[in-house]
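Colleague: Fold the following for me, if possible:
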Amino acid sequence: MRYTLPRISFALVLAGAAGLMAPPGATAGEDTPVAGVHGRVLAREGARLRAVSGARVEFKRQDGKSAAQLTTDTNGYYKADLFAGSYSYTVEAPGLRPENIGRGLTLTLSKGHAVYNFTLVKDERPAAGQRRRGTRRRTSPGW
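Modeller: Below you'll find the model as predicted:
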């Protein structure tokens, strides 16, 4: 005995299988990036590295407009969905020297995320209006 599926059922099965086999991001519009960058923000403490929670990471396009602004999680992890292209970035966290001058990256992937980790160091500069300990202001002798 031969069993045949009704035509409508067969069409539904094929449509369902096609949906399961669609490439990731195939339903995303042209305005939605399916690529980008992810990684961690770390702080160097002597020879050790530690995750920086709450660091602010921003990527800007070449025209200076912000493409992504985010904050790292408790493990120092961030993920930014970006189109392929060149970006400058700023990474800031309290008590650490910011990464924000002359820094950039170029993403060439159109799908998937590149890995880019940032390592910040302790900010040794005095806060505005404060002097370093052990330094004195020079005064004129008043002659």
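
Colleague: I'd like to know how many residues surround residue 111.
Modeller: Neighbour count of residue 111, defined by other C-beta atoms under 10 Å: 11. For glycine as for every other residue, the C-beta is placed from the backbone atoms N, C-alpha and C.

Colleague: so how far is residue 44 from it?
Modeller: Noted for residue 111: a distance of 33 Å to residue 44, by C-beta to C-beta, to the nearest Å.

Colleague: from memory residue 42 sits against residue 117, does it?
Modeller: Yes - Residue 42 lies in contact with residue 117 (C-beta atoms under 8 Å); the separation is 6.4 Å.

Colleague: longest single strand anywhere in the protein?
Modeller: When the chain is parsed with DSSP state E, its longest strand is strand 35-45.

Colleague: residues of that one that come out buried?
Modeller: Using 16 or more other C-beta atoms under 10 Å as the test for burial, strand 35-45 gives 35, 36, 37, 39, 40, 41, 42, 43.

Colleague: Of the residues you listed, just say which sits nearest to residue 83.
Modeller: residue 35 (6.8 Å; C-beta to C-beta).

Colleague: Identify the bridge partners of that closest one.
Modeller: Residue 35 has these beta-bridge partners by DSSP bridges: residue 112.

Colleague: List the contacts of it.
Modeller: Counting by C-beta atoms under 8 Å, 6 or more residues apart in numbering, residue 35 makes contact with 81, 82, 83, 84, 107, 109, 110, 111, 112, 113, 114.
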